[in-house]
Each structure stands twice: as structure tokens, then as C-alpha cells.
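# sequence and predicted structure, then a few things I'm wondering about:
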Amino acid sequence: EHALLAYTLGVKQLIVAINKMDTTKWSEDRFKEIVKETSNFIKKVGFNPKSVAFVPISGFNGDNMIDGSSNCPWYKGRDKETKAGKSSGKTLLDAIDAIEPPSRPSDKPLRLPLQDVYKIGGIGTVPVGRV
């Protein structure tokens with residue numbers, strides 16, 4: 001559901017942190033099973049599974065979040081080639097750092113989010129929002 005919402009809202013890059021790997025004793029088979037199931041789903045949503053970073057972590061123990069973990073020697077990390085160059089990493093922080101900032105077209109008209117639209121008799125339609 002979250003992947004579908006993200007894609008619908010225009011999110012182009014995705015990281016899947018597979019948490020609680022410590023409860024499966026860092027099973028490589030379980031990790032691959034989750035990656036396969038999740039890849040099938042996000043492909044149906046519209047994401048390219050090859051461009052998605054899958055990172056096994058343990059939030060409780062802090063494994064593979066900031067520093068690499070010795071509990072999963074089978075996880076070699078991921079390599080990602082982008083327009084800006086090649087990046088690789090093994091941790092969740094590395095995956096977050098590899099996210100490219102979206103392009104901001106400054107040559108196009110300003111677009112603002114609206115909070116509400118009021119229709120006031122005698123005045124007309126009044127859009128309400130913040131800059």
C-alpha cells in the first residue's frame with residue numbers, strides 16, 4: 001500500500017529496509033524470499049526492482065544501519081549507477097546517501113499546494129494555501 005501511494009505521488013527512488021533480520025538469525029534464504037516477493041509487488045506498482053536498494057537491517061541492534069554488520073557476511077551490498085556516477089554501499093545510511101535529489105525546474109511557472117478552496121458569494125472562488 002505504501003509503495004503504491006509513493007508511486008502515485010511521484011516518488012521515483014525507493015529503498016526497502018528489511019528489518020528484524022536478527023529474528024531469523026540473519027538467514028540469507030529468508031532475505032532472498034522477501035526480496036523476491038517485494039520485487040514482484042513493486043514491479044506491479046510501477047517501480048523497477050533493479051533500481052531499488054534492498055538492505056537487511058536490525059533496528060533493535062542497529063545492525064547494517066550506520067555501520068556494516070558482521071552478522072550477514074553473505075550481504076555484499078549493492079552497486080548503483082546513476083547520471084551522477086557510480087555509488088555502492090552496504091548500510092541503510094549508504095542507501096540513503098545514494099538517493100539523488102529531484103530536479104527542480106526553475107524555468108517553469110510556480111506551483112503551489114492548495115489547502116482549501118472557498119466559494120464566496122459576490123467575490124468568487126478563493127484558493128487558500130501557503131508559499
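Happy to help now that I have it.

# what's the first helix or strand after the lengthiest helix in the chain?
Secondary structure of the chain per DSSP state H: the longest helix is helix 28-45. Sequence-wise, the next helix or strand downstream of helix 28-45 (DSSP states H and E) is strand 53-56.

# all strands for the protein, in order.
Under the criterion DSSP state E, strands of the chain are mapped to 15-18, 53-56, 78-82, 85-89, 114-120, 124-129.

# rewinding a little: which positions in the longest helix of the chain come out as buried?
Under the neighbour-count criterion of 16 or more other Cβ atoms under 10 Å, helix 28-45 has F31, I34, V35, T38, S39, I42 buried. All C-beta spots, glycine's among them, are computed from the backbone N, C-alpha and C.

# pLDDT and distance to M21 for the residues you listed - can I get that in CSV?
Formatted as CSV, those follow (pLDDT from 0 to 100; distance: Cβ to Cβ, whole Å):
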residue, pLDDT, distance to M21
F31, 95, 7
I34, 96, 9
V35, 95, 12
T38, 94, 14
S39, 94, 17
I42, 93, 19
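
# output these in TSV; the columns should cover distance to K80.
What follows is these, written out as TSV (distance: Cβ to Cβ, whole Å):
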residue	distance to K80
F31	18
I34	20
V35	16
T38	17
S39	16
I42	16
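
# pull the most distant pair out of these.
Distance extremes for the buried residues of helix 28-45: the farthest pair is F31 and I42 at 16.0 Å, using Cβ to Cβ.

# and the nearest residue in space to S69 that is not next to it in sequence, bridged to which residues?
The shortest distance from S69 to any non-neighbouring residue, by Cβ to Cβ, 6 or more residues apart in numbering, is to D63 (3.7 Å). Note on D63: beta-bridge partners by DSSP bridges are S58.
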